[in-house]
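A.B. asks: turn this into a structure:
(one chain, ligands or ions: 3)
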Amino acid sequence: MSYFPEVSKIEYEGSDSRNPLAFHHYNPSEIVAGKTMEEWLRFSVCYWHTFRGTGTDPFGAPTMQRPWEDGTNSVDMALKRVDVAFEFMEKLGAPFYCFHDRDVAPEGSSLRETNAILDKVVAKLKAEQERTGIKLLWGTANMFSNPRFMHGAATTCNADVFAYAAAQVKKAIEVTHELGGINYVFWGGREGYHNLYNTDMKRELDHLGRFMHLAHEYAESIGFTGQFLFEPKPKEPTKHQYDFDAAACLNFIRANGLEGVVKLNIETNHATLAGHTMMHELAYASMQDALGSIDANTGDLLLGWDTDQFPTDIYLTTQCMLVIMGQDGLAPGGVNFDAKVRRESFEPVDLFYAHIGGMDAFARGLKIAAKIREEGRLAQIVTDRYSSWDSGIGAKIEAGEASFADLEAYMLEKGEAAPNQSGRQELLENLINDCL
Ligand code: XLS
Ligand code: NI
Ligand code: NI
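C.D. replies: Ligands and ions are numbered 1, 2, ... in the order given. All right, here's what the predicted structure looks like:
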């Protein structure tokens, strides 16, 4: 039984190919800057958008044609969907996937029943992973769809809901471990507020810190050594999400003694919703050794919400890869397409076009970034720009050998600071274009 009978294994055909069901740039075994493309990029398919997305938006009904769906959220349907997912991922050649517990299996009438259903689907996921060699990049728990989480999960005002969330994450870590998952993600869901009049922000944030420690303690107790990742997002569904951006997340991590335990999973559309570029968020996380993984997608310049489109912009992927190569890759993290086809792209084959486009865009970004790094002009300009810190007074300041009084004496003697040099912004933009 095939669910994508019109599609065979997607192969690399090179940049002259006009076959839309082939890679034109992503050639998994090709070596770029000392590693294969597959090693650099570690692509992952997300279960929620790709296999559960229906095409609804706040104004309209589902549009997606998914001939294998029977219109139910039954256990049988969940099991059948595993076959669909693995056929898709195998044909695409994606080495990894990610899921929320509730993407892969429906809830039962009690937590006990829900866990038993999840176990059943996880057994099938495990068999399919073994059959295909596809690995779980990360697992996570959906603690935002069910109405019980209307006030949040770890940051809810209802202690019972905190307990439910704890039980759910305990189980999600267990199944992630069972499936050999390499990371575990916390994205806020409804951890945030709509109204400060009814919110004890300090108490809620303390609870979130407690929650993450409990998760880490439990993971250690069962021998799960995967990397924990916190995923920043400034708003949506709440108007203020506590995991606002990389800076807020790192502050939270430090304030709660979670350094070294939790790194960040940075998503493009979340970065831009926070008023940052993706490159800013990546650079900010990376410089603090906290860049763990990325959710690759993009927003729409003219729409103010998380549209989660597939990334096709070569400047964007180049900027991502410049930072990622600067820290020698993302492993154990990867490039997860937390992205959905738009609701007008409703045929199953559109899922292939979307992923192929994203993978090719990142492959190009990788090659361009490698070229920029190899040419070395960009790095040289940055080195030169800061050269006043490499000797003399700059070196003394960096070494902690100059007091305010010393600096005053130095400047009184000199009378005026050395002249500034051009920042060369346009030249730098041209230099990037030279490598495209
Ligand atoms: C939502 C988030 C979510 C996380 C996983 O905006 O991107 O999909 O990646 O919970
Ligand atoms: Ni995400
Ligand atoms: Ni998102």
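A.B. asks: in the stretch 51-200 of the chain, which residue sits closest to ligand 1?
C.D. replies: Of all residues in the stretch 51-200 of the chain, residue 187 sits closest to ligand 1, at 3.5 Å by CB to the nearest ligand atom. (Glycine included, C-beta is placed from N, CA and C.)
A.B. asks: quick one: name the residues of the protein near ligand 1.
C.D. replies: Contact residues, the chain versus ligand 1 (CB under 6 Å from any ligand atom): 100, 140, 185, 187, 231, 233, 267, 295, 306, 338.
A.B. asks: which of those scores worst on pLDDT?
C.D. replies: Among the residues of the chain next to ligand 1, residue 306 has the lowest pLDDT, at 89.
A.B. asks: may I have the phi/psi pair for it?
C.D. replies: The phi/psi pair for residue 306 (degrees, to the nearest 10) reads phi -80, psi 80.
A.B. asks: which one is it nearest to, not counting chain neighbours?
C.D. replies: The spatially closest residue to residue 306, leaving aside those adjacent along the chain, is residue 269, at 5.0 Å (CB to CB, 6 or more residues apart in numbering).
A.B. asks: mind listing the strands for the stretch 201-350 of the chain?
C.D. replies: 227-231, 240-241, 262-267, 291-295, 335-337 (DSSP state E, counting those that start in this stretch).
A.B. asks: tell me which of these lies nearest to residue 72.
C.D. replies: Residue 72 lies closest to strand 335-337 among these, at 26.5 Å (CB to CB).
A.B. asks: contacting residues around that closest one?
C.D. replies: Strand 335-337 has contacts (CB atoms under 8 Å, 6 or more residues apart in numbering) with 41-46, 49-50, 96, 98, 137-138, 265, 293-297, 310, 354-355, 358, 362.
A.B. asks: which parts of this structure sit against ligand 2?
C.D. replies: 267, 295, 338 (CB under 5 Å from the ion).
A.B. asks: quick one: contacts for the residue nearest the centre of the chain?
C.D. replies: Taking CA atoms, centre = their mean, the centroid of the chain lies closest to residue 295, which sits 2.4 Å from it. Applying CB under 8 Å, 6+ apart to residue 295 gives the contacts 46, 231, 265, 266, 267, 268, 270, 336, 337, 338.
A.B. asks: got the strands of the stretch 201-350 of the chain as a markdown table, with distance to residue 114 columns?
C.D. replies: Below are the strands of the stretch 201-350 of the chain laid out as a markdown table (distance: least, CB to CB, whole Å):
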| stretch | distance to residue 114 |
| --- | --- |
| strand 227-231 | 23 |
| strand 240-241 | 26 |
| strand 262-267 | 25 |
| strand 291-295 | 26 |
| strand 335-337 | 25 |
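A.B. asks: and the strand or helix carrying residue 361, how far out from the chain's middle?
C.D. replies: Secondary-structure element containing residue 361, defined by DSSP states H and E: helix 348-375. Centroid separation for helix 348-375 versus its chain: 16 Å, with CA atoms, centre = their mean, to the nearest Å.
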